[in-house]
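> quick one, what's the 3D model for this:
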Amino acid sequence: MNNPQTTTTTTKDGNVQDQTTEQHSQKDDWQDHVAMLLEYSKQLKDDYQTQGKITHQLAKAEWRLSLRSLALITIFLGCFASGLVLLWAGFLGAVGYGVYDVFGSVWLSIATATLLQVACLIWLWKNTVYLSNKIGFSKTLKSLKQLFNLQGN
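Below is the predicted model:
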């Protein structure tokens, strides 16, 4: 492809030496390497753009699936809650019927079922208050304040 040129030079000690000048060849090689680097960088850029588009499509698909799953979970939780309400109502009905069967008093069975319902509501309220007090980031905020030395210490 490239024919190297030879020149004859004389060294300090008087010997004649043939030197191959590859400057032209080296210049072509350097330009070829730069051209290959440019081609590789263009291909890399195109690959990153393609990967970005595919990632965007994947994110959209996962978002749609997540919304669908969240909707189904909401429906299933509603069904589960309805089942619990029916179970609780059945339990209260059975207790009321048992009290009526033993004592023969409708008012006593209604009072027992109402008392059980109120006890359940009080228990639920206390647990809700307890759990709601656990919501927050008090320890994290305290740690961040210490980290940034916002307390003035």
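> residues in contact with the residue nearest to residue 106 when sequence neighbours are not counted?
Nearest residue to residue 106 in three dimensions, chain neighbours excluded: residue 100, at 6.2 Å (C-beta to C-beta, 6 or more residues apart in numbering). To be clear about C-beta, it is placed using only N, CA and C from the backbone, and glycine gets the same treatment. Contacts of residue 100 were listed using C-beta atoms under 8 Å, 6 or more residues apart in numbering, and they are 106, 108-109.
> tell me the spacing between residue 100 and residue 30.
According to C-beta to C-beta, to the nearest Å, residue 100 and residue 30 sit 102 Å apart.
> go on, residue 43?
The gap separating residue 43 from residue 30 is 20 Å, by C-beta to C-beta.
> what of residue 67?
For residue 67, the distance to residue 30 equals 55 Å [C-beta to C-beta].
> so which helix or strand takes in the residue nearest to residue 106?
According to DSSP states H and E, residue 100 maps onto helix 23-103.
> for that helix, the distance to its chain's centre please.
Distance of helix 23-103 from its chain centroid, counting by C-alpha atoms, centre = their mean, to the nearest Å, is 8 Å.
> what's the following helix or strand after it?
According to DSSP H and E, the helix or strand after helix 23-103 is helix 106-133.
> which other helices and strands contact that next one?
On a contact count with 3 or more C-beta pairs under 8 Å, 6 or more residues apart in numbering; DSSP states H and E, helix 106-133 meets helix 23-103.
> give me the pLDDT for residue 141.
Confidence at residue 141, expressed as pLDDT, is 79.
> thanks a lot, see you next time.
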